[in-house]
Structure formats: C-alpha cells, structure tokens
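**Q** Below are the sequence and a predicted model for it; my questions follow.
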Amino acid sequence: MLRERPSRVQTGHGGAATVSAGANVSIRIGTRGSALAVAQTSTVADRLGDLAGRDTELVRVTTHGDVSRASLSSLGGTGVFAAELRSTLLEGGCDVAVHSLKDLPTAPAGGLEIAAYPPREDARDALCSAGGGAGSRLSELPAGAKVGTGSPRRAAQLRVRRPDLDVRDIRGNIETRLRFVTDGELDAVVLACAGLDRLGLAGVITERFELDEWPTAPGQGCLAVEVRAGEAIAGVADLDDPATRAAVTAERLVLAALEAGCAAPVGATARLANGELRCSASVYAVDGSNVLTASASRSVDGENAALAAAVTLASEVSEALLAQGAADLVASA
Ligand SMILES: NCc1[nH]cc(CCC(=O)O)c1CC(=O)O
C-alpha cells in the first residue's frame, strides 16, 4: 500500500476561546491530498472548529486512488479512494476523517462510523464543454464529439442521450480532466457540480443535468464525517443534516441491495422535501442499450420517520429494479 508520510497543516480556530477539557489540543482531521479533498475538508474543519471551540489541523493522506494511473473501472471502484484514509483513522493518525460519500463503499468499515452527513450540495452532474458557460450543451455538441468520463454510469447516460458520441475513458483529478477540454483533446467532460462548485470552478460548467433525467452516484454532493466507533468528538454530531442523512441513506441502500459498487452503472436520487421522502434509481447497460428505472415515495413525520422511510423506500426501489433484471446489468458492467 502506498502512503506518504501524512503532512500537517495547522488551521487556526477563529471563534471565541471556550474553556473545556482538551481545548488546547487540536482536532486532527484526515483528508485525501487532492485540491478538492483539501478544499472540502477545510470547510468542515472551520465549521467543526467553531462548533467545538477547538483548533483543527488537517492530516493529508495520499491514497492509492490518487496515484494510480489505471482507469477507475479497472481499479474495481469500491473503496480505492477511502481505504488509506480509513486506516489512518483506525490507527489513530487522525481523530476524524472527511470523505466524499460517493467514494465510500456501502459496507460499514469495522471499527468506524459515519458520525455526520453535512448539508448536501448540488448532487447534479455537469457538462463542461469547450468555451465554458458559453459552450455547447449536450444536445448541441457536434455528431461524433469526444466526451470524457471515467465513470461507467456517466458513459452509459451519455450513450443513452447521444448514441453518436465518442465516449472516452479518462482518469485524473478535476483539474486534469478539465485540461483535456482546454487542450482541445476532448470536446467536453462530465464532472460532479459539487466538486466544481467547491473549487470555485462553476464558470466552466455549460449544463447541469436535472436529476430526474440524469440521476447521479448515490451520495454524490455529500460529505461523510467518519470517526472511530463509539468515540464521540464534541461538535461532530452538530455537523449532521438529518434530511441529507435520510436521502443519502436511501440512495446507498439501493446501491447495496443491487450489490453494486461506486463505479457501477447505477444512478440514484432521493430528497426529503415538504414532508415527503422520494427516491428513484436507474441501472444502465454501459453501452446505453438498456435503462431500468424505479421510484417510490413516502410521507414522513419527523427525522426518525425519515430514516425508517429511507430503508423501506430503498427496498421497494431495489426490488422493482431487480424484478426488471438489474442484477444482469450490474454483473455485465
Ligand atoms: N470520484 C471522484 C469524486 N468524488 C467526489 C467527487 C465530486 C464531489 C462529490 O460528489 O461530493 C468526485 C469528482 C467527480 O465525480 O467529478
């Protein structure tokens, strides 16, 4: 396993000093080393520092997924980005770890628990084509245009909408992927809105695909704050947004029921709004020749009811998908 010696960055706590046990010991927050990971972890660190009245420091862990040049699909997807960070947390190298939820395997990690799901950001996918905001929307790209993505789901969704496109498998962090377009090697790439927004790169987005037509990876746009099981860290629970928790729980339970990983051709979207939790999901043939879709909703009264509804909805949606033959599509991806 590859691991750089974690490097530390001290971040000052701006809020008023609170006198409490260990107030002078900073909370060590583990993160991957990419620009996106550092940006999103820093936001959580600032918020947690304020909630806990303590200093925070970032512990950067370079993960196998960051350094590998292999395609995401050939890496097997599940957990390549998260494993190193999780072992650092388990071994006590940090107190809290911040992940992109969509990169976390649905199986719980032994000895760890997700203590908070902060409010979700834009869960949609973005088309970034040459010319940025003024560039072509998906329907306007020329016939045979070259569009890059490392995700089998996104490749399938592109092929369903535009069978004529030349979909290319690409790897790398967000900046690397965008460079394919600015260098003129590709006409467009598809990326998550949330990552671009967090990096201040919203200006490169040409089109945000609506979730009803283009469901994204379960948990996309949501962060997960993980701690060692049973170890409460002051302030962490206050980072949690119950509506986000209910929605992403439903999405990830669908993925788990399909026995699919984070690189599977599965899109899911759930939302708690106006007292109703709604979940829908689609499973794709990677060549775009088939799409299965199912959805369900429940009215919910209160936060606990929302989590219970998430479990029920996920089993309704996944059973409907399996009855349509989803297992074959997942297996052949
Ligand atoms: N697999 C990489 C990854 N993990 C999380 C995000 C975006 C941010 C998020 O979903 O929270 C990305 C980049 C992308 O898909 O464009």
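**A** All right, it came through fine. Residues are numbered from 1 along each chain as shown.
**Q** which residues of the stretch 201-333 of the chain fall in strands?
**A** 207-208, 223-228, 266-273, 276-284, 291-299 (DSSP state E, counting those that start in this stretch).
**Q** beta partners of the residue in the stretch 1-150 of the chain positioned nearest to the ligand?
**A** In the stretch 1-150 of the chain, the residue that lies nearest the ligand is Ser100 (3.5 Å; C-beta to the nearest ligand atom). Any C-beta I mention is one placed from the backbone N, CA and C, and that applies to glycine too. Residues in a beta bridge with Ser100, per DSSP bridges, are Leu223.
**Q** Low-confidence stretches in the chain?
**A** The chain contains residues with pLDDT under 70 at 1-24, 63-79, 262.
**Q** and it, which residues reach the ligand?
**A** When proximity is defined as C-beta under 6 Å from any ligand atom, the chain approaches the ligand at 100, 102-103, 174, 191-192, 194-195, 220-221.
**Q** Just want to check the distance between the closest residue to Ser318 other than its chain neighbours and Ala264.
**A** Excluding its sequence neighbours, the residue lying closest to Ser318 (C-beta to C-beta, 6 or more residues apart in numbering) is Ala257, at 3.5 Å. According to C-beta to C-beta, to the nearest Å, Ala257 stands 12 Å off from Ala264.
**Q** Which one of the two is surrounded by more residues?
**A** Taking neighbours as other C-beta atoms under 10 Å, Ala257 and Ala264 compare with Ala264 leading, 25 against 18.
**Q** Neighbours of Arg54, how many?
**A** For Arg54, the count of nearby residues is 22 (other C-beta under 10 Å).
**Q** Ok, Ser295 next?
**A** Neighbour tally, Ser295, other C-beta under 10 Å: 18.
**Q** That one is in contact with Ala314, isn't it?
**A** No: using C-beta atoms under 8 Å, Ser295 is not in contact with Ala314; the gap is 11.5 Å.
**Q** Mutual contacts of those two, please.
**A** By the contact definition C-beta atoms under 8 Å, 6 or more residues apart in numbering, Ser295 and Ala314 are jointly contacted by Cys279.
**Q** in the longest helix along the chain, what's buried?
**A** Determined from DSSP state H, the single longest helix within the chain is helix 303-323. Residues 306-307, 309-310, 313-314, 316-318, 320-322 are the ones in helix 303-323 that count as buried (16 or more other C-beta atoms under 10 Å).
**Q** name the helices or strands packed onto that helix?
**A** Other elements packing on helix 303-323 under the criterion 3 or more C-beta pairs under 8 Å, 6 or more residues apart in numbering; DSSP states H and E are helix 242-257, strand 266-273, strand 276-284, strand 291-299.
**Q** try 6 Å
**A** If you count contacts as 3 or more C-beta pairs under 6 Å, 6 or more residues apart in numbering; DSSP states H and E, helix 303-323 packs onto helix 242-257, strand 276-284, strand 291-299.
**Q** now what about that helix, what contacts it?
**A** 242, 246, 249-250, 253-254, 257-258, 272, 277, 279, 281, 283, 292, 294, 296, 298, 300 (C-beta atoms under 6 Å, 6 or more residues apart in numbering).
**Q** Cheers, nothing more for now.
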